[in-house]
Each structure stands twice: as structure tokens, then as C-alpha cells.
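Peer 1: 3D model of this:
(chains A, B, C and D)
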There are 2 protein chains.
Amino acid sequence: MTEFNSRRLEIDALRVLWSVRRHGGVTRAAEALGLSQSAVSHKIKRLEVSLDCDLLSRKSGAGMFTAAGEDLLDYAERILGLHDEALLSLTKTPLAGRIALGLTEDTTCTDLARILGRFRRLHPDVAVRTKVRMSLVLRAMLERGELDAAFVQIFAHEVRPTDIVLFREQLYWVKHPDLPLPLSGPIPFLSFDDECFYRQWALDIGQDGDTLFETVFECASAAGIVSAVTSALGVALLNGRHLRPEMEIITNRLPTPPALAYVVRRARKARNPALDTLVAEIENEVSRYGGLTLAS
Amino acid sequence: MTEFNSRRLEIDALRVLWSVRRHGGVTRAAEALGLSQSAVSHKIKRLEVSLDCDLLSRKSGAGMFTAAGEDLLDYAERILGLHDEALLSLTKTPLAGRIALGLTEDTTCTDLARILGRFRRLHPDVAVRTKVRMSLVLRAMLERGELDAAFVQIFAHEVRPTDIVLFREQLYWVKHPDLPLPLSGPIPFLSFDDECFYRQWALDIGQDGDTLFETVFECASAAGIVSAVTSALGVALLNGRHLRPEMEIITNRLPTPPALAYVVRRARKARNPALDTLVAEIENEVSRYGGLTLAS
DNA sequence: TGCCGCGATCGAAATTTGTCATGTGCAATG
DNA sequence: CATTGCACATGACAAATTTCGATCGCGGCA
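Peer 2: Got it, this is the predicted structure:
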């Protein structure tokens, strides 16, 4: 009772454990944390030894964690939350002001929500207004000065030095295995709606001569495209998060799709200390965890 | 912004900080934590450096902590609470049962409350019944088997091997400076009520010949005695927690008062796994912090 | 003024933590 | 069924951090 229970947890180890869950594996967690794989492995092992119980269930099959592990993760999450907030509150300068923020639908229910929530708690005198639009619209609003900053998806090669990259992702051509690619004539294309900024890229690639694609389906939500693909209605451009096992990735006959990035982009505008702080917090989070994640 | 804020707190350091407040000083905290004074000093210094702000205000006069320090302590307390609970929850076996517990008034609003609260949260199926009585009464109830365990005050020399000592304290003879001790005749005595177990000790010491004391004031609460002393009504036996600067400690003419101890004492009784666990938790807390504290 | 108690600081020693290199188990593959 | 690839574990060693004992400096106090 004395030796193993008197041993204490350390925040660092909890963060590693948490990162393992978040990134789904020791190796990935290590990458994200900027550590070697063995360091992460060791840290967890030490945690296990000091607690005298297993946390990772090295069984294939079931979940990655043991019951004790899941249990601890619960606490870890709360402790880490407090920890990060404590850190922020120490550097807190009384802020007031107004922030107009643009989000995409994708980003509303993820890490960003947590960060925004915490920000409002720490700085109750800052009025944060958020608008949810598609990336193209948000970019236009930024240009027109209607927003102070926005979370937008752009082509990787469009990233500006002042953007903060939240994470990068790759687009894939996908179709259902049952759908044969027509050897000649247009390929049936499942497209996001007009405002989708990489739909243009897809429609532009067939320009040399005849049209490569024929848009047979148009839908604003990823979920709609996903189900159209699985119904073998046609070919679509999807990012990694939306891939499903039953989808087939097309690697020949079509040009490699461009890489994408989710970034925070600020408006060229007057100083805004409140926004500075918020952006700094996001940067912090990104650098600590090696990017943010979205729910898939 | 990047370098000092990206640095992380560690639970250990927070515990040290907290211990410094709790024990009112670096040196005491070190003792309680079983570390050297320099280790504690260093740990705090490191914390300060990594946060790039002062936590202890080395000024004489005002409080021991800076505003940032107090701020951090707030979070530290919450983080430590979660930490300890996490640790406990990992070793948790589903407990059920019933515990009859005796407390003194002194112990109701201190660390014990925190431990009991946590215990009930972690083991909702254990019914904890508490009774608040004076130490003498509690001891009798223990003997009669009406309680499973009790937190009682006893003479230090009465501590049994099976008792868990929560902390020790010393009694002092005190009076107001304005009150002269009569050179002959009985000394005016301010006494707790009948059930106070060391009142007997005081009344017994005059037995060789005439009565040394005359009880001029009797009150069940320490607050009453304190104000009677400051009103120069007489002489009283008080423990360190109740000493006030304006009181004068009498060191001659009266025998040195006995040392006291607050202990957890269990009834000689059948096994009670729930009680075992609770007692183990208390032992843990005591060994980690070198005793519990009471509000003065 | 000289003596405490308390905390800061320094160098050396001990402990902890991270890395590289390597080993093991498990699946998919030819 | 050997082979390859992947993900994680482990061991040895180097680097960094933490602790300790000793010593110093500072403010109260007799």
C-alpha cells in the first residue's frame, strides 16, 4: 500500500498517455510530442510500474487501453485541462475587446471548441462572435474585413507565412469497387457545392480538350458525398478523414490531388490584443500537440 | 511567448508550493515532505523560472505569496485534488458496507472533511455515519462498540501502536499579562466543561494539600476560553492553535502541561474492509504531508 | 553586537529521462 | 511457410535534472 500508492503521477506522463489515445498509437503520439518512440514507450511503462497496473492492453482486438487506463485517462483529461488553464491564467492580462471569428463546419466541434471555451472563461470581457461558413466564403469575408480571423481550408501551397497551420491533409480520388471507370467519355463526378474551393481544381483538370468529368451529384455535406460514393454513384475527391474501408482509392488515370491545409488566417488589420492572445493560445496548443485534430 | 509558456508545470512542484503555504514556510514544508530545505527552495525557484514570474514574495510584511502565487495555488489545489483522487480510483475495489465514525468538533471542517468527501465519492455504496462528540465521549462510545473508529484527542503518552497519529500538539498555561498570579491561595482557572479530558489533569495537580485552582469560568468552546483569557479572567490550558499574541505563556510556578495527540482510533471489532480502506487513505495522507492540520 | 531562524545558493552526487540500437510479436504477402 | 513490414518493448548508455549537504546572507531580537 505504501510503496506503489505513495508514488505520484506526473503531468508529463499523463499528457503522453492522453496523446497515445488521441493519436491512436505510441508511435504517432511520439511524433506529435516530438519525442522518440522509445521515450513514449518508456514513459508509459514507468507510469504502469509506479501504479502497479497495466494501462495499455497489448492485446490485439479490443481497445487500446485497459479499464484502468481508460479510468486514468478520464482523470488525465481533467488534470491536463486544469494544468493548461493554470498556465494561461498566469500570463493573463486583463483583456477586453471584440473578436469576429469565422469557422468552417468541420472545426466547430473539436479542439477548437475547447480552446474557445477556455478563452471565454479566462477573458470574460472579450466578446467573441463567430460565423460558420465555407472556406471560400470565409476568405472573402476576411478580405472585406468582416472577420478578424478565420479557420479555413486552403491548398497546401497557398499557405502564407502568417498563417498558423492547424494540420494538413491529403485529398484522394475515391470510388466504390463496383464502379468501373469509363475508358472513354466523361467520368461521373460527385461534387461538393459551388462554394467548395477544390471542386474548381477537379473541374479544371480536364480542360485540355474535352471535359473529363460530368458532375452527377452535388451536395454541401461530406456525409452526402460519402454515401454517394458507397452507392457507387461516381468518383469523388475526399480527404483522409472521410475515407471508409469499402472505398477504393484511385491512383492512376487521374492526376494526384493537391494537399490541403487547415489554417488560422488573420485579417490584415489594426492591432487587436485579444485576438493576439487567442491566436497565441492556438499556436501553443498546435506546437504542443503537433497539430489539432478534427473528428472524422 | 513560446519558451516560457510552453514549459509545463509538474505536479510535484505544485505539491511543494501548496505545502509551503500549508506549513507556513519553506523549511517546514521540507520537513513535512521529507525533503531537504534546499530541495524545496530549488523546486520553487525552478517553478518560478519556468513560469517567468515570482511566486513567493520575499518581502517581509505582507503575505508569503505573490498574487501569481496565490493564483497558482488555486489551480494547484484543484489539480492535486484530482491527482490524489485519480490515484485512489485506480486501486479502488468496489466497496460496500457501513462505517460509524466519531469526530470532534475540531476535526469537522478540515482536511478530514476533504478526505471523507472524497471517500464518499469514490465509494458511494458505503454508508458513512458520523457523530460529533467530545473526545472523552467518543472514547467511551468506541469502548462500547457504538463506533467503528473515531478521531480523538488523547495524551501523547496514551498513544497506542494501532492509533494513527494525525498530529501532535502541546498545551500551554496562558494568562493575560495584566493578570497577576496570586502568590498564595487558589489560582483562577478557566476550564472547558466536564467532558474535557485534560481538565482533569489540571484539577488533579493541586492535590497535594490544598486546591491549587479555583474554576471561575467554564465553557465548552475554545473560543469562549480564548476570550476569557484575553479578558484577564484567569489562567487556562490552551493548545498552540489557540494561542494569541496578547497571551502570556506561564512557564514557571506551574507544572509543564502534557503533550497531546490527535489520533484515529479503531474499535476492537470485526473486519470492516470499507473502514480499512478509509483508514489507509488517511494514513496515506498523513504520511505524504507529515500530519494533517486543523484550522486555528 | 552577536546569535538565531529562515531561506538562497553552490558544487558534487544520485536519480531520472531520453536516445539509439536492437529484439519480439503479429499480419499480410509471395 | 519463410519474408517483409509495422508497431511496440527493452537494454545500455549519455544527458539532463534533482537532491543533498554545506555555506552564505539577511533580518529580527536579546
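Peer 1: all contacts plus neighbour counts: C-alpha atoms, from now on.
Peer 2: Will do.
Peer 1: what's the neighbour count on residue A:237?
Peer 2: Residues lying near residue A:237 (other Cα atoms under 10 Å in any protein chain shown) number 24.
Peer 1: Could you give the bridge partners of it?
Peer 2: residue A:173 (DSSP bridges).
Peer 1: Now do the contacts for it.
Peer 2: A:171, A:172, A:173, A:174, A:190, A:191, A:257 (Cα atoms under 8 Å, 6 or more residues apart in numbering or on different chains).
Peer 1: now residue A:225
Peer 2: A:190, A:191, A:192, A:218, A:219, A:236.
Peer 1: Then residue A:246?
Peer 2: Shown in contact with residue A:246 (Cα under 8 Å, 6+ apart): A:176, A:177, A:230.
Peer 1: For the helix or strand that contains residue A:42, name the packing helices and strands.
Peer 2: According to DSSP states H and E, residue A:42 maps onto helix A:37-51. Here helix A:37-51 touches helix A:2-6, helix A:11-23, helix A:26-33, going by 3 or more Cα pairs under 8 Å, 6 or more residues apart in numbering or on different chains; DSSP states H and E.
Peer 1: mind exporting stretch A:268-284 as CSV, just the C-alpha atoms?
Peer 2: Provided in CSV are the C-alpha atoms of stretch A:268-284 (Å, rounded to 0.1, in the frame of the first residue of the first chain):
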residue,chain,number,x,y,z
ARG,A,268,-4.7,42.5,-42.4
LYS,A,269,-6.0,44.9,-39.9
ALA,A,270,-5.4,47.0,-36.9
ARG,A,271,-3.9,45.7,-33.7
ASN,A,272,-6.2,43.5,-31.6
PRO,A,273,-4.6,42.3,-28.4
ALA,A,274,-7.4,40.0,-27.6
LEU,A,275,-7.1,38.3,-30.9
ASP,A,276,-3.3,38.2,-30.5
THR,A,277,-3.8,36.3,-27.3
LEU,A,278,-6.3,33.9,-28.7
VAL,A,279,-4.0,33.2,-31.7
ALA,A,280,-1.1,32.7,-29.4
GLU,A,281,-3.0,30.1,-27.4
ILE,A,282,-3.9,28.2,-30.5
GLU,A,283,-0.3,28.3,-31.7
ASN,A,284,0.7,27.0,-28.3
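Peer 1: quick one: is that stretch near chain B?
Peer 2: Yes. Applying Cα under 8 Å from any Cα of the partner chain, one finds stretch A:268-284 touching chain B at A:280, A:284.
Peer 1: how far out from the middle of the chain is that stretch?
Peer 2: 20 Å (Cα atoms, centre = their mean, to the nearest Å).
Peer 1: What are the buried residues along it?
Peer 2: For stretch A:268-284, the neighbour count (16 or more other Cα atoms under 10 Å in any protein chain shown) marks A:274, A:275, A:277, A:278, A:279, A:281, A:282, A:283, A:284 as buried.
Peer 1: you'd agree the fourth one is up against residue A:120?
Peer 2: No. Counting by Cα atoms under 8 Å, residue A:278 sits too far from residue A:120 to count as a contact (9.8 Å).
Peer 1: Residue A:222 and DNA strand D: what is the separation?
Peer 2: Using Cα to the nearest atom of the strand, to the nearest Å, we find residue A:222 at a distance of 26 Å from DNA strand D.
Peer 1: ditto for residue A:267
Peer 2: Distance, residue A:267 to DNA strand D, using Cα to the nearest atom of the strand: 38 Å.
Peer 1: on that earlier part again, and the two most separated of the buried residues of stretch A:268-284?
Peer 2: Farthest pair in the buried residues of stretch A:268-284 (Cα to Cα) is A:274 and A:284. Separation: 15.3 Å.
Peer 1: Check the contacts of residue A:225 for burial and list the buried ones.
Peer 2: Neighbour counting by 16+ other Cα under 10 Å classes A:190, A:191, A:192, A:236 among those as buried.
Peer 1: Near residue A:119, how many other residues are there?
Peer 2: 20.
Peer 1: what residues are up against it?
Peer 2: Shown in contact with residue A:119 (Cα under 8 Å, 6+ apart): residue A:278.
Peer 1: Sticking with it, tell me its helix or strand.
Peer 2: Going by DSSP H and E, residue A:119 is part of helix A:111-122.
Peer 1: One more: residue A:102?
Peer 2: strand A:97-103.
Peer 1: Please state the offset of that strand from the chain centre?
Peer 2: Chain-centre distance of strand A:97-103: 20 Å, with Cα atoms, centre = their mean.
Peer 1: likewise stretch A:242-259?
Peer 2: Using Cα atoms, centre = their mean, the offset of stretch A:242-259 from its chain centre is 20 Å.
Peer 1: Equivalent analysis for stretch A:140-151, please.
Peer 2: Offset of stretch A:140-151 from its chain centre (Cα atoms, centre = their mean): 21 Å.
Peer 1: got it, and stretch A:42-58?
Peer 2: That offset, for stretch A:42-58, works out to 29 Å (Cα atoms, centre = their mean).
Peer 1: And whichever residue of the stretch 101-250 of chain A sits closest to DNA strand D, how far from chain B?
Peer 2: Proximity of the stretch 101-250 of chain A to DNA strand D (Cα to the nearest atom of the strand) peaks at residue A:240, 15.1 Å away. Using Cα to the nearest Cα, to the nearest Å, we find residue A:240 at a distance of 30 Å from chain B.
Peer 1: dump the residue contacts of that residue.
Peer 2: By Cα under 8 Å, 6+ apart, residue A:240 lies in contact with A:169, A:170, A:171, A:172.
Peer 1: closest to DNA strand C among the contacts of residue A:246?
Peer 2: DNA strand C lies nearest to residue A:177 out of the contacts of residue A:246, by Cα to the nearest atom of the strand, at 15.7 Å.
Peer 1: so who does the closest residue to the closest one other than its chain neighbours touch?
Peer 2: The shortest distance from residue A:177 to any non-neighbouring residue, by Cα to Cα, 6 or more residues apart in numbering or on different chains, is to residue A:248 (5.7 Å). With contacts defined as Cα under 8 Å, 6+ apart, residue A:248 is in contact with A:174, A:175, A:176, A:177.
Peer 1: For residue A:248, list each beta-bridge partner.
Peer 2: residue A:175.
Peer 1: likewise residue A:65?
Peer 2: For residue A:65, the beta-bridge partners under DSSP bridges are residue A:56.
Peer 1: Burial check on it, number of neighbours?
Peer 2: Neighbours of residue A:65 (other Cα under 10 Å): 20.
Peer 1: Save the contacts of residue A:240 as a markdown table, and put in pLDDT, distance to DNA strand C and neighbour count too.
Peer 2: Supplementary listing: the contacts of residue A:240 in a markdown table, determined by pLDDT from 0 to 100; distance: Cα to the nearest atom of the strand, whole Å; neighbours: other Cα atoms under 10 Å in any protein chain shown:
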| residue | pLDDT | distance to DNA strand C | neighbour count |
| --- | --- | --- | --- |
| A:169 | 83 | 24 | 16 |
| A:170 | 84 | 22 | 17 |
| A:171 | 86 | 22 | 19 |
| A:172 | 87 | 19 | 21 |
